[in-house]
Structures are given as structure tokens and as C-alpha cells.
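[1] sharing a model prediction with you, sequence too.
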Amino acid sequence: MRLNNSLLVDRTWLIFALWAVLVGAAVLAFADEPPAREAPLADAAAQPTAAPQPVASATPEAPPEQELSAEAQQLVEGLQATLAADSEARQMLDAILQGSQLGPGEGWFKTAVCQSRHTWDAVRQRYDANQDGAIQPAEFAGAESDFARLDRNCDQTLTDADFPTADSGIPRTPGAMLFYQADADGNGKLTRDEFVGLFDRWNANGAEFLSLDEVSPRLNPPDARGRKRDDGPSQEVLIRGLAQQEIGSLQSGPALEEAAPDFTLSTVEGQETVTLSQKIGRRPVVLIFGNFTCGPFRNQAGNIEQLYRRYRDRAEFLMIYVREAHPRDGWRMESNDRRGVDIVQPATYDERVAVAGQCQERLALETPLLVDTIDDAVGARYSGMPSRLYLIDREGRIAFKSGRGPFGFQPAALEQALLFELAASPTGK
Ligand SMILES: [Ca+2]
Ligand SMILES: [Ca+2]
Ligand SMILES: [Ca+2]
């Protein structure tokens, strides 16, 4: 059964790949992980990737229809019968059937966006006493150091320019490109050795310095160079990924201001259980959903760790380990293979605990780690797959809900909401 499926997947993938080459399309849809390493400059010069391959004169306008297996067809019918017409998951199913490869803004990413009670409008009304359209330090109720962190553009006032935009949680700036290339072990944390290692790799000719023109082109975001996607998923893979909640939860999760659903889960060490409701009251609670095979989640490990170290004394942090997004037997990613992340979707709770432990060790995360039950009880209820962030206030209400991961997973947006939440309702008072 499994063998048949994978053969079929291979075949449909091949058809798609052939089509992609034919039209020379720069498909950069659901970029699970930007290129870990750029080709050495010499190679890039020898084989310019920006120019599409010469194509046959007949360029088809649409991909050939992908024939779904009977199993996938059945999954589609099952989902169509059970999903509400206006649900996020139905939106994603329709997008997949129309050929989406889950790019930003497609399917459920259109509606499952970041929700925060601390919008610019809300904080302006609360703090801008002199109504000049900006919040000065004297108008702000919180600590000076908190103000400084909120003032992202460092102009000594808070305005809407300090609010994170809807930028993807998979940034494609030159700075991000530097990070991805230098983070050699892919654990989302850039060390001194890795930084020096990048210099050494770039300085292969031994000049002991790099010139502007040697560095600059290496950090171009891949879409600017017309990089072609080499691991686009087939419709079949996406449908199965949706049905199995690997690409995301079928539910939408609690909305802003709703009561946070309670749960009890075991820690990865298995020594104790944690019940959410027992954590609520004294301090805000941060929930971090994630999994090991989600490359963008791994890239965020340093951000998560910084957030935890910065606020662990003022907020409760709980990380919840959920279903694998890119297991070997699902939407397998070449970028995972490159990193030696090769995981079969756990079938038992113990198997999931083992992968969660591996994730914790590899990413060196200090955040308390809980493991979701194998039926995905918490990940489904919170729409936490493949990754997501929540902030719960001291009354147990949702104060912030990130968009769906990977694009919506933005620790900086959560940090901002947390700082405003702490200023509005200081802990211990
Ligand atoms: Ca003001
Ligand atoms: Ca500012
Ligand atoms: Ca690293």
C-alpha cells in the first residue's frame, strides 16, 4: 500500500517537474526553507540560474491535469463532505485543487492571519494622551527598556511604523540570506564559529578579504535570481498532507478574546504533566507550537530562545510539540535531507516523544517542551500545526494569535503583543 502510494507520488511529481522545466516557471511557492547554501560564486557564474532553461517552442498554458489516485479522490470527497464551506481548511482544499502549492497568501493563508488585541489603533487610543499620532516615552505606562524594544525603528516614539508588517515568517531579505547560509548546522542559531566558517567558505581563493562585489551577489534573495523550485509537491501529496493535518490543522483554533481551551500534556522528559489552566492567572502564557521537520520552524529556534530568555521571568512559556509537517513518508523536503532531518511520521506517542527529544536537543531549546497526544488533540484544537504562536492573558483569554505557520510564525509580533500586555496589566499587581 505504502509502496504503491509512493510510486504514484513519484509519477505525479515527475509530471509536474517536467511541466515546470518546460515553462521555465520560477515556482517559489511554499518555500519551506530557503536555500541553505548558495552555490559558490564561480559555479553560479558558470551556470547562471537566473535565466530559465531554453524551452520547447510550444509552451503549455496550464499544467497537465494531475490524475489523482482513488485514495486521494476519496480523501477529497471526504473533506468536501465534512468541512464547512467557509472554513479555512475548505479554502485550502479548494486552493490545492486549483493547483496552489501553498504559497504565502494562498488558501488559508489569506484569512488565517495574525490577530492581536494590541493593534496600533488600540495602543494609540490607550497611550497617546496628547493625540499627536505618536506615543512618547512619558505617555507609555511600561518600563523604559520595554519602550526601547517596542521602538523598533529607534526614533524615540511609538508609531505604526514600529508594528510588524504582514511580512512572511520566512524572510527573504539579504540579512536572512546571510543567516541561512551561515547557520551551517541549521539549528536557527548563528554562532561565532559558523560566522567565521562562512567567511572561510567564501574566501576559498585565500585572499584573506572579501570585496563588495564578492559578497553582494551571494545575498540576493532567491526569487530575485529567478531560482526555480526543485521540490514542488504534487497535488496528491498536498491532499494527503491536508487530510492528515501535516500541512496544517483542519480546525481554525480559538479566536482573539475567546477563552483559551484547557489541556493537560506530559513534558518531553515524561516526569510531569502540565495543565494550562493551572498556569493561568499570575502571568501571561506564551504557547509555541512547532515540529522538527518544519524547516522554517527550526530557523526560528534562536528567536524563540531569545524570547524565552528575555521574558521567562515575566511570562509562562510552553512549547507544544505537534505532528511532523514534512516526514519522509509525506511531503518530504530535500532541504531536510540536506540537514540530516529524516523522520517518519510517528505512529505512537512514544515515537513522537522520541522525535520531540531529538528536536529539543538539536535546536538546544530551553523552553519547557510538552508533547501533544498522538491524536493531535491540542494541535488540532489550537490549529497549532505546523507551527503557531499564542499569547494568553491572565484571565485566560487569547490576547494574540499568530497567523498559521510557517508564514504566520513571527516571534517579533508576539513579543510586541506581550510587551503591551505586560504594560497594560503588570504582573504581580
Ligand atoms: Ca503622543
Ligand atoms: Ca518608533
Ligand atoms: Ca547554528
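    Cool, the structure landed. Ligands and ions are numbered 1, 2, ... in the order given.

[2] tell me what the helix or strand containing residue 180 is packed against?
    Using DSSP states H and E, residue 180 sits in helix 174-182. Under the contact criterion of 3 or more CB pairs under 8 Å, 6 or more residues apart in numbering; DSSP states H and E, helix 174-182 touches helix 192-202. To be clear about C-beta, it is placed using only N, CA and C from the backbone, and glycine gets the same treatment.

[3] what packs against the helix it packs on?
    Short answer (3+ CB pairs under 8 Å, 6+ apart): helix 192-202 packs on helix 174-182.

[4] the same query, at a cut-off of 10 Å, please.
    helix 174-182, helix 212-215 (3 or more CB pairs under 10 Å, 6 or more residues apart in numbering; DSSP states H and E).

[5] which residues are in contact with it?
    37-38, 40-41, 178-179, 181-185, 187, 190-191, 206, 208-210, 214-215, 218 (CB atoms under 10 Å, 6 or more residues apart in numbering).

[6] near ligand 3, from those?
    183, 185, 187 (CB under 5 Å from the ion).

[7] hang on, the earlier thing: deepest-packed of the helices and strands packed on helix 192-202, please.
    Among the helices and strands packed on helix 192-202, helix 174-182 has the highest mean neighbour count (mean count of other CB atoms under 10 Å), at a mean of 18.

[8] gap between it and the chain center?
    Here helix 174-182 shows a centroid-to-chain-centroid distance of 16 Å under the convention CA atoms, centre = their mean, to the nearest Å.

[9] would you put the C-alpha positions of it in CSV?
    Provided in CSV are the C-alpha atoms of helix 174-182 (Å, rounded to 0.1, in the frame of the first residue of the first chain):
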residue,chain,number,x,y,z
PRO,A,174,19.7,39.8,2.3
GLY,A,175,20.2,39.6,6.0
ALA,A,176,18.1,36.5,6.2
MET,A,177,20.1,35.0,3.3
LEU,A,178,23.2,35.6,5.3
PHE,A,179,21.7,33.9,8.3
TYR,A,180,20.5,30.8,6.3
GLN,A,181,23.9,30.4,4.7
ALA,A,182,26.0,30.9,7.8
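
[10] now that helix against helix 192-202, angle please.
    Counting by axes from the mean of the first three to the mean of the last three CA atoms, to 10 degrees, helix 174-182 lies at 90 degrees to helix 192-202.

[11] neighbouring contacts of helix 174-182?
    33-38, 168, 170-173, 186, 188-191, 193-199, 201-202, 215-216, 218-222, 224, 295, 299, 302, 335.

[12] all strands for this protein, in order.
    Taking DSSP state E as the test, the strands found in the chain are 115-116, 264-267, 273-275, 285-290, 316-321, 369-371, 388-392, 398-401.

[13] residue ranges with poor pLDDT in this protein?
    1-66, 166-167, 223-231, 427-429 (pLDDT under 70).

[14] residue numbers of it in contact with ligand 1?
    So the chain meets ligand 1 at 128, 130, 132 (CB under 5 Å from the ion).

[15] got TSV for the residues you listed, with distance to ligand 3 too?
    Formatted as TSV, the residues of the chain next to ligand 1 follow (distance: CB to the ion, whole Å):
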residue	distance to ligand 3
128	41
130	46
132	44
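
[16] for residue 147, state which of those residues is nearest.
    Taking CB to CB as the measure, residue 128 is the one of these closest to residue 147, at 13.6 Å.

[17] residue in the stretch 151-300 of the chain nearest to ligand 1?
    residue 157 (7.4 Å; CB to the ion).

[18] for that residue, what are its contacts?
    By CB under 10 Å, 6+ apart, the neighbours of residue 157 are 128, 132, 133, 134, 135, 136, 137, 139, 140, 147, 151.

[19] make it 8 Å
    Listed by CB atoms under 8 Å, 6 or more residues apart in numbering, the contact partners of residue 157 are 134, 135, 136, 137, 151.

[20] domain ranges for the chain?
    2-112+173-225, 120-162 (automatic domain parsing).

[21] residue 81: neighbour count?
    Residues lying near residue 81 (other CB atoms under 10 Å) number 7.

[22] should've said residue 240
    22.

[23] do you know how far it is from residue 332?
    Counting by CB to CB, to the nearest Å, the gap from residue 240 to residue 332 is 12 Å.

[24] repeat for residue 369
    25 Å.

[25] these two: who's more crowded?
    residue 369 (22 against 18).

[26] verify the contact between the more buried one and residue 361 for me.
    No. Counting by CB atoms under 8 Å, residue 369 stays clear of residue 361, with 10.5 Å between them.

[27] not counting residues beside it along the chain, what's closest to residue 266?
    Spatial nearest neighbour of residue 266, excluding adjacent residues (CB to CB, 6 or more residues apart in numbering): residue 273 at 5.1 Å.
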